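> Got a predicted structure plus its sequence, pasted below:
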Amino acid sequence: MLKCKINGQDVEVAEGSSIIEAFKATGQDIAHYCWHPGLSVAGVCRLCMVEIEGNPRLQIACNTQVQEGMVINNNSDKIKDAVKWGLDFHLINHPLDCPICAQAGECQLQIQYMKFGQYDPEMAERKVKKRKVVDLGPKIVLDTERCILCSRCVRFTDEVSKTNELGIFNRGDHSEIGTVDDRPLDNPYSVNTVDICPVGALTSREFRFQQRVWYLKNETTVCNGCSTGCSTKVYFNEEGMWRVKPDHNDDVNGYWMCDEGRGTPRFVNKDSRLLSAWNGQKDEGQDLEAGAAAKAVGQTLKKVVAEQGSDKVAFVVTGQYTDQENRAFLSLAKDLGVKVYHWVNNPEKMDEFDGLLIRGDKNPNTYGLKEAMKEVGVGSPWSELESSVSDLEYVVVAGPENHFAYSDLTDKVDLFSKANHQVWFVAGDHDVLRAASNKVSLIPTKTYVEKDGTYKNFEGREQRIRRVMTLVPGALSLTEASKLMSGQELLVDGNVSESYRKTNFFSSNERGYL
Amino acid sequence: MEVKILSEHYHKDDFQGLTGYKANGGYEMLKKAFTMKPQEIIDLVKAAGLRGRGGAGFPTGVKWGFLPDNGEPRYLLCNADEGEPGTFKDREMMERAPHQLVEGMIISAFAIGSKKSYIYIRGEYDDSINSCRQAIKEAYDAGLLGKNIMGSGFDHDMDVYCGAGAYICGEETGMISSLEGKKGQPKLKPPFPAVQGYLGKPTIVNNVETLASVIYILRDGVDAYRKYGTEKSPGTKLFSVSGNVVKPGNYEVPLGYPLKDLIFDLCGGLKPGRKLKAVIPGGSSAPILTAEEAMVATLDYENLAQHGSMLGSGAVMVIDDSNCMVDLLGVTLHFYHHESCGQCTPCREGTGWLDKIVHSILDGKGRLQDIDLMDEVAGHMMGRTICALSDAAAMPTLSFLKKFRDEFEFYVREGRSKVKGQAHAQM
């Protein structure tokens, strides 16, 4: 460990740390654009200037290593002047089109300007004209005029995704980010470049112009897109979820996440959801209240088991639910004495891994489900279900929430149609279910942003997900549904976690408050 | 008085070829070098006090001493990019005496233990590229390059690499990037090239003139070498004189030689009726000297530093009273704007900004605050970037504004040149 002094504060840092890391470790403020903890040092924005005692020249904090006894500061007038001018150089050719920029509100230029700038611009010359609204690929749009050439995105494609699509072309103030021969920037991690872009140069095609970021709240949770379980931040308002960004977690995903994982709003948001329970057959039936439907199903199952035997009912589970839900649901199956089958959506790809983050197992909690099945002592081979399904009275399915990962959904609906009834706990509203040939009960479930619980990722790491919003008021978690089915009552507010109370931004009575 | 050591045989037509070079004592010092230990040569160069002739004036022997002893392959790179406006000394040597460079490089490579060297020549220098390639071929054919040179057991390979003619590729790490096949952009230091340079291996980058000088340090010994020059700037140096003198060209004089004598004796002075106005002593990036300063300055690293300028690459640009300083700064800044690699923000944006301001003044659209603004912009570009290009643009700006402020103010107020009487646009 090395001792140094930062702005008068004694600090101890590990050997080999750069000064900027020491600043970050102590939580001290330091301006920077090009430095990113997950990328190599470029040293080009020249904003992280510090004064080191005994050195007449200002040094950049990102490429200077801390040495024993160093006395460092970045709050002198000399530094403030240097940063102000550093910022000014960034701004002279910047279009300053904040009102129509999707990055506004989380733009580092705006943030630094509020800290160091707030002056009238002195640039009286014509700005350099560059390409705007460049179609960089299916997911990303580039504005080269807004770009400050920090090279973070270039380093990302070079060092992290290792796809090397991006480069800086031309020289001097005509330099531009681009791809060779205008080939698209299209890799499974491309949207990370949007996250690390400190300005509005790279914007996500999906999110741009959708929402002003200052109207969105965010909450950290865990991605349910695959068994890696990346830490993520979900951004939402009362209408729903708008985007997902990675949250720093050295143990799992570092600073990154895949593009696929950012697609969760597609199955979380209201327009794709099952809003109330439904009983029917071949597209004809009626809506029901979810809790009442669950209770009714529970009573029927008990009756069937008592009258016709437990082999007339089968439970089907998926790796999409939390540990707590799995235990409740499996315990119910155990109590009823029925068999439980694990529906594996893509068995041939389950063990695939791309070397960075993406795993073939598109369920967040396969590990936890297997563990729970072992503990509860249930689970039978899938082939048994396939051969016996036509003898069954009821198939009760804890269906997938992320139906995009379940390409075999239709096949399975057809399979379960061979039984007399199928009951689905499912988040999404699917035409195939309503069109099924046997009698169908659909009961809406909560998605991963509407409930508390834990997932265990591919290596068994237990991670917590949080309830951050309520999108479908009637939807049940599998725990709640299991309770109702077993005849217990639900105490609606009895179990709301403290964190949810704190983060339930929409419960305020204040007018205009989000 | 000129002292011709490096340029002694320049006038001989056959000196370009191996036969002529050998007839004038060529490759004798290589033979001598092989009788010495590499460390002895390094010590000799250190003792002679040879300083880098490319521009920075860093002691060559000291630089060689930075190589880590880690068993990794080492590279010797000859910087023949010669991009500094006004400099043409290396070009003349490569065209007239390429073997002098090749021999100097083999000796230096032997001293630092390098088995591979490159001569990085800017793309526009066709004649230099051809003559160096020819010289290398002749050296290979004569067993002076390749395996077991002159039976010494020392192997060395040499190649010419053509740049595309970018100023920034004359910066040593920019040159290394270019040589590695990347975009010619300077690299962050540390690590320095001596530790991690070309392909991440220990690398020494030396100027053409520096490498050739090694031969004569070996030939004449430390005392004879130190006979010329000053205590801290020993030896002779090639100066490229251009501008408003009667006889522009390359002149070899001992360091410490009076600038006045170079202009008025060797170069035949100014054209009749003209008065000396200013001198840029070390390439376009060196701060300008007024006529008064130029009359007392001597051509060595310390004296020019005392005058607030630098020896740089030794490109002396003589400016007489027919020149408009606003126009000159406009040309200079246009160059740096065009040549900035665009990596560091202060340089990328600053060079363009300065260029645009000075051209606004030249277009008659100047505002009085522009002069102070330029001063401030340039001041904030100094020492804020990875390489010295930003400084190279800022230094002339600051010195022009300081020493010839009246011309800038006149141009802004009147919308025309104080010297030429007309606006730039009308000329």
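Structure received.

> Please name the residues that touch B:Thr332.
Residues touching B:Thr332, when contacts are defined by C-beta atoms under 8 Å, 6 or more residues apart in numbering or on different chains, comprise B:Pro85, B:Ser284, B:Ala393, B:Pro396. Where you see a C-beta, it was placed from the backbone N, CA and C, and this is true even at glycine.

> Grab the nearest non-local neighbour of A:Pro198.
Leaving aside its chain neighbours, A:Pro198 sits nearest to A:Gln108 (3.7 Å; criterion: C-beta to C-beta, 6 or more residues apart in numbering or on different chains).

> got it, and B:Ile263?
Closest to B:Ile263 by C-beta to C-beta, 6+ apart is B:Val318, at 5.7 Å.

> And the pLDDT for the one you found?
In the predicted model, B:Val318 carries a pLDDT score of 97.

> Confirm it sits in a strand?
Yes: the assignment for B:Val318 by DSSP: H, G, I helix; E, B strand; the rest coil puts it in a strand.

> B:Asn79 against B:Thr203, yeah?
No: taking C-beta atoms under 8 Å as the contact criterion, B:Asn79 and B:Thr203 are not neighbours in contact, 11.2 Å apart.

> what residues are shared contacts of these two?
When contacts are counted by C-beta under 8 Å, 6+ apart, the set common to B:Asn79 and B:Thr203 is empty.

> Could you tell me how many residues sit around B:Val326?
Neighbourhood size, B:Val326 [other C-beta atoms under 10 Å in any protein chain shown]: 25.

> Return the backbone torsion pair for it.
Note on B:Val326: backbone dihedrals following degrees, to the nearest 10 are phi -60, psi -40.

> what's near enough to touch the residue nearest to it when sequence neighbours are not counted?
Once its chain neighbours are removed from consideration, B:Val326 has its nearest residue in B:Tyr411; the separation is 4.8 Å (C-beta to C-beta, 6+ apart). Residues in contact with B:Tyr411 (C-beta under 8 Å, 6+ apart) are B:Cys324, B:Val326, B:Ile361, B:Leu362, B:Gly366, B:Ser417, B:Lys418.

> any idea how far whichever strand or helix holds B:Tyr411 is from the chain center?
Under the criterion of DSSP states H and E, B:Tyr411 resides in helix B:405-414. Centroid separation for helix B:405-414 versus its chain: 33 Å, with C-alpha atoms, centre = their mean, to the nearest Å.

> Just the closest residue of the stretch 51-200 of chain B to chain A, please.
Taking C-beta to the nearest C-beta as the measure, the stretch 51-200 of chain B has B:Leu188 as its residue closest to chain A, at 4.6 Å.

> For B:Trp64, see how far away A:Gln281 is.
Distance, A:Gln281 to B:Trp64, by C-beta to C-beta, to the nearest Å: 89 Å.

> Next: A:Pro37.
Using C-beta to C-beta, one obtains 37 Å as the distance from A:Pro37 to B:Trp64.

> more neighbours, those two?
Set side by side, A:Pro37 and B:Trp64 show more neighbours around B:Trp64, with 23 against 11, by other C-beta under 10 Å.

> Mind listing what's buried along the helix or strand hosting B:Pro346?
Under the criterion DSSP H and E, the helix or strand holding B:Pro346 is helix B:345-362. Going by neighbour count (16 or more other C-beta atoms under 10 Å in any protein chain shown), the buried part of helix B:345-362 is B:345-362.

> So which bits of the stretch 51-200 of chain A are right by chain B?
A:57-58, A:63, A:81-82, A:85-86, A:89-90, A:92-93, A:122-126, A:128, A:148-149, A:167-168, A:170-175 (C-beta under 8 Å from any C-beta of the partner chain).

> so the helix holding B:Pro346 versus helix B:405-414, what angle?
Between the axes of helix B:345-362 and helix B:405-414, defined by axes from the mean of the first three to the mean of the last three C-alpha atoms, to 10 degrees, the angle is 60 degrees.

> looking only at pLDDT, what's the mean for helix B:345-362?
The average pLDDT for helix B:345-362 rounds to 96.
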